[in-house]
Each structure stands twice: as C-alpha cells, then as structure tokens.
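Student: here's a sequence, model it:
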Amino acid sequence: MYMITPRLLLCAIPALGSILQGLGGHNASYSPLRPPAVPLAVRNPYNNVYAGDTASGKTLNSQTPKFWTFASVGWEGVVVVDDIAYEYLGSTNKDLPKETQYTSAVPLAVSFDSQASNFTFEAGPVTITASFLSPVTPKDVCRSSIPLSYLTTTVRSNDGEAHHIRFYSDVNSMWLGINKREELSWFLKKNTVTVNATSESSAVADDLFTWQQFRLTQMVFGEDSELPQWGDLAYTTSPSGAGSFSFECGESSSVRLAFLQNRTLSNNASSFTTDVGDHTPVFAFAHDFGVVSEQSVRYTVGSVQDPIIQFITDDGLAKLAPWWSKCYGDLYAMIRFHWEDHDAVQSIGNMFETQIKADIKDFYEGAEAQGYGNIARDIRHAPTNGTDQYGQHYIFDSANAYGYLEPSNWTGVSVPYISEAESYYSIIALSARQIMGAYVFAQDPNTTSQDPLIFQKEISSNGNVNTVDVLYPTSPFFLYANPNLLRYSLQPLYEYQEGKFYPNNYCIHDIGTHFPNATGHVDGADEYMPVEESANFIIMSYAYYKFTGDTAWLNSHYELLRQFAYYLMNFSLIPDKQLSTDDFAGTLLNQTNLAIKGIVSLQAMSYIAEVANSTADVENYATTAKSYYDQWEYLAIDPSHKHTTLAYQWRSSWGLLYNIYFDKLLNMGLVNESVYTMQSDWYPTVSQMYGIPLDNRAHYTKSDWQIWTAAACHNSTRRLFINSIAYWLNETVTEGAFSDFYELTGRGDYAEVAQFKARPVVGGHFALLALMKTGQRASAEGGDTSGSLFPKDSPQPLPVPDTPISPAQMGILTDEQKSYFKGEVTTLLASGD
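Tutor: Residues are numbered from 1 along each chain as shown. Sure, this is the predicted structure:
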C-alpha cells in the first residue's frame with residue numbers, strides 16, 4: 001500500500017471557509033455545489049465542451065471553453081450595453097486594445113441540473129444570463145441522437161430603464177483542431193441557400209443562418225488529438241427580430257476588434273486577410289435590438305459527422321449513417337428541426353429532471369429530511385467538532401487526511417450537516433450529460449432493423465469502442481433511464497461475436513481499438529479480460545431482460561451467452577492472473593471481487609436458461625453457482641471475519657466489493673446477508689477524507705464503484721460514501737469534467753497513474769436510482785431487499801416493465817415533415833403535424 005507522504009499531509013484538507021474563495025475576486029456562488037468543470041455543450045464525443053478549472057477561480061469569461069481533453073476551443077460571447085461591451089463568454093478581453101471600452105461582465109452565480117448550466121453576470125445596469133442546454137432525453141432516441149447543443153443569452157435591465165442592447169458571438173476553427181486558414185473551408189447558409197461572398201443580411205425573423213466549417217482535406221473516421229478529421233462544425237442563429245443582423249468571418253483579433261469599433265459586422269462570408277493579432281479563423285454573428293429592457297438570442301452549436309461509425313459486418317466494412325438522418329433527413333433539416341424544437345425538448349428534459357428529483361425523494365423517504373439545498377454553502381458552515389443531524393458524534397482535524405471520525409472508535413463518518421439526498425442529487429445532476437456525451441446513435445446496416453445501434457467511446461482512457469467493462473459500470477443509468485439504450489449498446493457486440501469474427505471462446509473486450517472504427521479484433525488480440533467481460537456480458541443481458549421482459553431478445557442470443565457461461569464455469573472460481581476492469585492496477589491472481597462477479601453471472605445464467613426453457617442448463621448453472629459461492633466465502637473472507645480480501649487468503653489486503661451490487665439489484669439471493677453487513681462495517685475503518693480507497697494498494701478510488709458499493713451498505717456507510725463524493729466534487733483541484741478516478745488525500749487531484757475525465761462510467765452513479773426503480777429504498781439496508789418488485793431467486797421481470805419503443809415513439813419524422821424542415825415545402829398538412 002502506498003504511504004501518505006508528508007507532502008500530501010501538508011495540504012490534506014483545505015480550510016472549510018476557503019471553498020468558494022478566488023473566482024476572480026467576484027465570489028460567484030455555485031449551486032448545488034462547485035463542480036471541477038461546468039458542462040457547456042455536451043452531446044457526443046466530439047461535441048464535448050466545458051468551462052473548467054473552477055478550483056483556481058476561473059469561470060465562463062476568464063478562460064476559453066475547453067474540449068474534454070482540456071484543449072481550448074474558441075467560443076466568444078459579448079453583450080454591448082449602451083456604449084460599453086461586456087464579455088460573458090471567452091477571454092479575449094485581455095488581448096484587445098484597452099481603448100475599445102471592453103470589459104468583463106461580473107460573475108454572480110453558476111447553477112446546473114441534469115439538463116443545463118446557467119451563468120449569471122452583472123453588466124453595468126443589466127443582468128446577463130447564459131444558459132447552456134444539452135437536453136438529456138433518454139426515452140427519445142431521435143432527439144438523443146442530435147449532435148447539437150443550445151446557448152441562450154438573455155439580457156434584463158436591473159435599473160428599471162431600457163438600454164441599447166447588441167449581441168456578438170463567434171466560434172473558431174479550433175473546434176476542428178485547426179488554427180490555420182489554409183487547412184479550412186467554410187460557407188454560410190441562409191436556411192439551405194449558400195450566402196455569397198459579401199451579402200446583405202436582409203432576413204425575416206425565423207430565417208436560420210449557419211456557419212458551416214470543415215477541414216479542407218477530410219479523413220473519414222480519422223481523429224487528431226481526439227477531434228474528428230471529417231465532418232462539419234455548425235454554428236447557427238436567427239435574426240430573432242433584431243433591427244440589424246450581421247455576420248462575418250475572418251481572423252480572430254480582426255473580426256472582434258472591428259465589431260467593438262463599429263458595433264456591427266461586415267457581412268463578409270468568404271475571403272479574408274489580416275495581419276492583426278490572433279490569426280485563428282472565427283465565424284461571427286451580431287444582433288442589434290436597439291433600446292429594450294429585455295432580450296434573448298439563441299445559438300446552436302455542434303460537430304456533425306455523416307457517416308458516423310465504421311462497423312465490420314458479414315458483408316465487410318460498413319459506413320453507418322447517423323440515426324438523426326433517419327429521423328429528420330439531411331443536415332439542414334436536422335438543424336431546422338432542432339432549432340424549432342427548443343421549447344419542446346426543454347420540456348421533455350425537464351420532465352426527466354423532475355423524475356430524477358421525485359425518485360431521489362422517494363428513495364430517501366423516511367431516511368432523512370428532504371429538500372435540495374446548496375452543498376457548497378452547507379459544507380462551508382459545518383463546524384469541525386460536534387454532533388451531526390443524525391446524532392452522530394464526530395471530530396475533524398484539517399491537519400490530517402482522515403476526514404471526519406467517530407471519536408470513540410476512530411471510524412470514518414459522513415461529512416456533517418449535509419443531506420445525503422442533496423449530495424446524491426448533485427452527483428446525478430452533474431453526471432447525466434457526461435454519460436450521454438460518450439455515445440453516438442447509428443443506423444443498423446441490417447435494413448430490416450427498426451432500432452438504432454449505439455456506439456460508445458471510452459473517453460480519456462484508451463478510446464476503445466463499446467468496451468464491455470465500460471458499459472458495465474454505466475449500466476445502472478440505462479436500466480433506470482431507458483433499458484433499451486443498454487440493448488442498443490450491446491447489439492453491436494452481439495452482431496460482431498455472433499458473426500464469428502472473434503476467435504476466442506470468451507467475451508470480447510471491445511469492438512474497436514479506437515473510436516469511431518468498430519472494426520473488431522479478428523486476431524483475438526484485444527485486451528485480455530476473459531472472466532471480467534464474459535461475466536459483465538451475461539449480467540447486463542439478464543438485467544436488460546429483468547427490466548423489460550424482452551424474452552424474445554434474450555432467447556435469440558442464448559447460444560452465445562451459453563458459450564461464455566461454459567468458460568466461466570471453468571475459470572471464474574479460481575481466476576488466473578489477469579486484468580479486471582480496474583486495469584490501471586495491473587494483473588492479479590485469485591481476485592476476490594472478480595470471482596464473485598463470475599459466480600453472480602452463473603446464477604444469472606441459470607435464470608436465462610429458465611427463460612429459454614433449457615431445463616438441464618438451469619440445474620447445472622444454479623448448482624454450480626451455489627457450490628462456487630460456498631467455496632468463495634471460505635477463500636475470500638479473512639479469518640477475522642471483518643472483511644473480504646482483495647485476493648484469496650492475502651490477509652493484509654481488502655477492496656471495495658462492488659460486484660455484489662447486481663445480486664441485490666436483481667434480488668438473486670445468492671450472497672449471504674452477513675457478507676453485506678461485514679463489508680458495510682469494514683469500509684468506515686479504512687476511509688479517507690474524500691471516501692474509501694478502491695483497495696489497499698493505493699490511496700485512489702473510483703466514484704462509480706463507490707456508489708455501487710454504497711448501494712449494498714447500511715445507511716451510515718452509504719451516507720459516508722455519498723457525502724464524501726459530493727465533498728470531493730466541491731473541493732477537488734482537478735480541472736476537467738467529472739473524473740471517476742481520483743486521489744482521496746491531498747487536494748483530491750487526479751490519480752497519479754492516469755487522468756480520467758468525461759468518462760461515461762459515471763452512469764454507475766445511478767445505482768441507487770436503479771434500486772429505486774425495482775422498489776428498493778434507503779430503508780432496505782445492506783443485503784435486505786425489502787420492497788423489491790423482483791421475487792427473490794426468480795427470473796420474473798418487473799411487473800410493469802419498460803417496453804421497446806416503436807419508430808413512431810422514437811420521433812422519426814414522416815417524409816413530408818422532413819421536406820418541411822428542409823425547406824422544400826412551406827406548410828404541413830394537418831395529418832402530418
């Protein structure tokens with residue numbers, strides 16, 4: 001085990017009163033907590049942009065927005081109030097002459113939920129609100145497949161007077177990874193018509209203007225620094241009733257300085273030359289509304305690829321079209337639909353947000369007081385010693401890395417005076433957009449299929465496609481939000497392996513070394529995780545069935561699942577030296593947690609066999625699972641009976657036993673309740689400031705596995721896990737999107753062995769909500785499954801399961817509707833509305 005060094009101890013715990021200091025000296029407040037980075041435009045692996053590094057006091061207008069890699073992308077926003085220009089988005093203020101009367105708006109507040117991030121600024125006599133909406137609508141796969149996000153900028157007078165209001169915004173070519181004009185091509189579209197080199201900006205209020213920029217040399221399915229080398233960046237707005245609307249492309253400093261000097265743009269849509277300042281090309285819009293007391297402008301932005309995925313099939317390599325093209329037609333029809341859909345999709349997203357809050361409330365009913373407060377504020381005011389709201393005594397010493405301790409036995413206790421429900425909501429709200437931002441939806445090359453295929457990028461770890469042990473931790477989100485998304489994600493893996501491309505008799509690790517090339521591993525040389533992936537695949541397939549009752553789908557894949565089960569019967573009880581999903585920790589022999597996963601999957605396989613009416617297999621799998629489990633207890637539990645070991649009979653070892661989660665979720669009844677209680681009692685004895693280590697080998701942890709583990713613990717231990725993660729989010733010095741892998745000491749930085757960020761595994765944070773969907777609440781502690789809608793030890797699905805969604809329910813437009821949004825017809829018949 002790594003020792004905590006003096007360097008780590010010296011900076012172990014920041015003072016509680018310092019949490020929100022900095023912020024450019026403006027004391028902007030965050031709600032419900034201060035995330036390490038705030039999502040801006042997060043829709044897929046290429047439209048994945050944040051305002052990061054909040055720990056150092058940076059906010060939306062003190063830095064350039066960042067791609068998930070933390071590479072800068074140019075996105076600028078300015079509001080001119082009377083004669084003074086206020087920057088609210090981006091950080092070019094410092095690069096331009098001071099005489100331009102250009103200043104930064106003063107940040108006041110930042111808030112977020114599962115759908116949007118909202119930034120509020122003071123700009124002299126007005127308030128500016130910038131709302132970034134990337135709606136999470138998991139039941140609607142058509143809307144979920146759209147690669148565009150919204151920015152709505154609103155100005156309101158706060159002095160009772162009307163003011164002359166102008167808006168300016170641009171994006172630069174760094175969204176495509178290009179900073180040289182000669183590598184770029186572009187044009188401006190007015191609806192579907194290309195605007196000439198220099199044009200008048202005459203337009204009606206609902207015209208759409210779209211800057212479309214793309215690489216001059218396209219490399220389809222290629223990436224450079226994780227950015228696509230094919231496709232377009234689309235930036236769209238509408239005149240929206242402005243008295244004057246203008247546009248311009250050019251080199252950055254020149255265009256921005258010209259607007260600040262002239263308060264308008266030149267309507268140049270083609271060539272440009274300049275030798276001033278920053279030479280990165282930008283593509284800008286300007287609106288002048290005259291004297292008003294309130295006004296809004298909307299923009300949409302996104303990186304658009306068509307085709308979207310390369311997938312190996314029985315007929316060779318196929319270039320898959322994006323699902324949105326099936327739903328809406330071509331690029332311009334999709335842009336128009338998305339623009340007009342703003343209010344409707346915002347309403348749908350808000351329904352999902354409301355459902356999340358209601359389900360969290362129901363989960364914690366009776367366990368604690370309800371309500372959604374401000375975690376950042378509550379943490380700041382927590383005293384260092386005393387008794388918390390649950391009657392738990394605690395002490396806290398900021399000079400060490402132990403966190404909050406129970407003074408009579410020195411076990412870890414939850415951060416005091418924070419509602420666990422509020423902490424959990426904060427974690428979920430920050431996770432939702434990040435999850436969906438790792439996926440693209442594609443049309444199945446099987447022309448008879450009416451369902452999309454979903455492809456996942458293993459963001460920031462290695463870029464694999466549909467990594468099985470990344471889908472596995474993500475699966476609680478799918479099971480809660482829409483189990484069909486899990487099926488759509490598993491389907492490419494089934495099609496590839498059932499197509500006989502894969503030579504091994506265990507489950508494949510992934511279907512492509514690097515996204516977006518799902519070209520498989522015909523040599524069988526993918527990352528070697530045979531027990532891990534085979535067990536994951538069986539458990540996820542069975543869980544999908546349990547939540548949907550989709551017997552036909554499960555039966556159609558029985559033979560492949562049977563093949564994996566045969567492998568596990570031979571190799572899961574005593575796992576050879578191999579990797580598990582936590583591959584950064586290296587190989588290990590006789591992994592306790594890996595073995596129980598294999599055993600749980602064999603129990604699941606007995607139920608699958610029952611659904612498939614394979615009587616002999618039922619008995620074989622069930623008997624084997626029970627026998628293996630009894631042997632596992634003997635091998636895995638330390639003789640003190642205080643905890644399981646990390647590896648069989650390694651007495652000084654321990655780890656998070658997160659793989660018993662599905663035993664509880666699906667009410668299998670395989671794992672003895674005494675194991676749940678033993679583990680729940682153990683974790684507080686090894687806790688650190690920001691949670692419980694993944695295992696005894698290092699002082700890092702994984703947030704997804706912590707919440708899986710928390711779901712199988714008693715109330716006080718679960719609270720310790722959940723509140724520690726919220727506390728870490730509020731205090732960490734990590735600068736990028738929500739990291740699932742971080743240090744538990746010092747300042748909660750990235751784990752020393754890898755910097756994980758923006759990964760979809762934060763779907764594992766939905767583990768408690770998935771429990772809630774099965775009827776289990778916080779009152780069902782540890783191995784207790786009281787309230788479960790699943791009968792114990794039974795393959796019976798949910799009484800009212802999630803059913804597959806028809807193409808009509810998915811939101812696929814008719815041909816006439818597609819023509820309307822493309823601009824080919826001006827009206828729709830009543831029957832087509």
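Student: so what's the residue count around the residue lying closest to Gly124 once chain neighbours are set aside?
Tutor: Spatial nearest neighbour of Gly124, excluding adjacent residues (Cβ to Cβ, 6 or more residues apart in numbering): Val81 at 5.3 Å. For the C-beta atoms, the positions are set from N, CA and C on the backbone; glycine is no exception. When counting by other Cβ atoms under 10 Å, one arrives at 19 neighbours for Val81.
Student: Val81 against Ala123, yeah?
Tutor: Yes. Val81 is within contact range of Ala123, at 5.6 Å (criterion: Cβ atoms under 8 Å).
Student: what do those two both touch?
Tutor: Jointly contacting Val81 and Ala123 under the rule Cβ atoms under 8 Å, 6 or more residues apart in numbering are Val155.
Student: checking Gly748 next. Helix, strand or coil?
Tutor: coil (DSSP: H, G, I helix; E, B strand; the rest coil).
Student: which element, helix or strand, includes the spatially most central residue of the chain?
Tutor: Central residue of the chain (Cα atoms, centre = their mean): Gln434, 1.7 Å from the mean position. Assignment of secondary structure by DSSP states H and E places Gln434 within helix 420-436.
Student: could you name the helices and strands sitting against that helix?
Tutor: strand 38-44, helix 342-363, helix 375-380, helix 468-481, helix 715-731 (3 or more Cβ pairs under 8 Å, 6 or more residues apart in numbering; DSSP states H and E).
Student: is it possible to export those to TSV including mean pLDDT, distance to Glu752 and mean neighbour count?
Tutor: Below are those laid out as TSV (pLDDT from 0 to 100; distance: least, Cβ to Cβ, whole Å; neighbours: other Cβ atoms under 10 Å):
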stretch	mean pLDDT	distance to Glu752	mean neighbour count
strand 38-44	98	26	26
helix 342-363	97	34	16
helix 375-380	60	26	20
helix 468-481	98	21	27
helix 715-731	96	16	25
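Student: now those in TSV, with distance to Trp68?
Tutor: Converted to TSV, the helices and strands packed on helix 420-436 look like this (distance: least, Cβ to Cβ, whole Å):
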stretch	distance to Trp68
strand 38-44	8
helix 342-363	21
helix 375-380	24
helix 468-481	15
helix 715-731	17
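Student: so for Ala647, which of those sits nearest?
Tutor: helix 468-481 (18.7 Å; Cβ to Cβ).
Student: mind listing the helices for the stretch 51-200 of the chain?
Tutor: Counting by DSSP state H, counting those that start in this stretch, the stretch 51-200 of the chain has these helices, from start to end: 141-145.
Student: quick one: the strands in it?
Tutor: Along the stretch 51-200 of the chain, counting by DSSP state E, counting those that start in this stretch, strands occupy 66-67, 75-81, 84-89, 102-104, 106-112, 116-123, 126-133, 149-157, 163-172, 184-190, 193-194.
Student: weakest of those by average pLDDT?
Tutor: Within the strands of the stretch 51-200 of the chain, confidence is poorest for strand 102-104, with a mean of 90 (mean pLDDT).
Student: next one: that strand to chain centre, how far?
Tutor: Averaging C-alpha positions (Cα atoms, centre = their mean, to the nearest Å) puts strand 102-104 33 Å from its chain's average.
Student: before we move on, what about stretch 156-163?
Tutor: 38 Å.
Student: how about it: buried residues?
Tutor: In terms of neighbour count (16 or more other Cβ atoms under 10 Å), stretch 156-163 has its buried residues at 157, 163.
Student: what do you get for stretch 140-158?
Tutor: Per 16+ other Cβ under 10 Å, stretch 140-158 contains these buried residues: 140-155, 157.
Student: could you list the low-pLDDT ranges of the chain?
Tutor: 1-26, 99, 197-202, 272-278, 369-382, 804-810, 825-833 (pLDDT under 70).
Student: figure out which of the strands of the stretch 51-200 of the chain is closest to Asn462.
Tutor: Across the strands of the stretch 51-200 of the chain, closest to Asn462 is strand 66-67 (Cβ to Cβ), at 17.5 Å.
Student: contacts for stretch 569-579?
Tutor: 527-532, 535, 586-591, 594-595, 597-599, 601-602, 621, 624, 628, 631-632, 648.
Student: what residues are up against the residue nearest to Gly124?
Tutor: 123-126, 155, 163-165.
Student: Phe741: which of those residues is nearest?
Tutor: Using Cβ to Cβ, the contacts of Val81 come closest to Phe741 at Ala123, 38.9 Å.
Student: give me the neighbour count for that closest one.
Tutor: Ala123 has 24 nearby residues by other Cβ under 10 Å.
Student: close enough to count as contact, it and Ala105?
Tutor: Yes. At 4.4 Å, Ala123 counts as touching Ala105 under the criterion of Cβ under 8 Å.
Student: which neighbours do those two share?
Tutor: 79, 86, 88.
Student: distance of the closest residue to Tyr424 other than its chain neighbours from Met529?
Tutor: Excluding the flanking residues, the one nearest Tyr424 by Cβ to Cβ, 6+ apart is Ile722, at 5.2 Å. Per Cβ to Cβ, to the nearest Å, Ile722 is found 29 Å from Met529.
Student: again, but for Leu108
Tutor: From Leu108 to Met529 the distance is 48 Å (Cβ to Cβ).
Student: those two: who's more crowded?
Tutor: The residue with more neighbours, out of Leu108 and Met529, is Met529; 24 against 16, by other Cβ under 10 Å.
Student: gap between that one and Asp469?
Tutor: 6 Å.
Student: what sits in contact with each of those two?
Tutor: With Cβ under 8 Å, 6+ apart, Met529 and Asp469 have common neighbours 509, 580-581.
Student: which one among these gets closest to Ser652?
Tutor: Ser580 (19.4 Å).
Student: which residues touch that closest one?
Tutor: 469, 529, 531-532, 588, 591, 593-594.
Student: return the subset of these lying in strands.
Tutor: Using DSSP state E, no member of those falls within strands.
Student: mind putting those residues into JSON lines with distance to Thr519?
Tutor: As requested, the contacts of Ser580 are arranged in JSON lines below (distance: Cβ to Cβ, whole Å):
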{"residue": "Asp469", "distance to Thr519": "20"}
{"residue": "Met529", "distance to Thr519": "19"}
{"residue": "Val531", "distance to Thr519": "25"}
{"residue": "Glu532", "distance to Thr519": "22"}
{"residue": "Leu588", "distance to Thr519": "30"}
{"residue": "Gln591", "distance to Thr519": "30"}
{"residue": "Asn593", "distance to Thr519": "32"}
{"residue": "Leu594", "distance to Thr519": "28"}
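Student: farthest-apart pair in those, please.
Tutor: Farthest pair in these, by Cβ to Cβ: Asp469 and Leu588, 15.1 Å.
Student: and the residue nearest to Glu406 when sequence neighbours are not counted, what does it touch?
Tutor: With sequence-adjacent residues excluded and distances taken as Cβ to Cβ, 6+ apart, Glu406 is closest to Val413, at 5.1 Å. Counting by Cβ under 8 Å, 6+ apart, Val413 touches 388, 392, 394, 404-406, 684, 716, 720.
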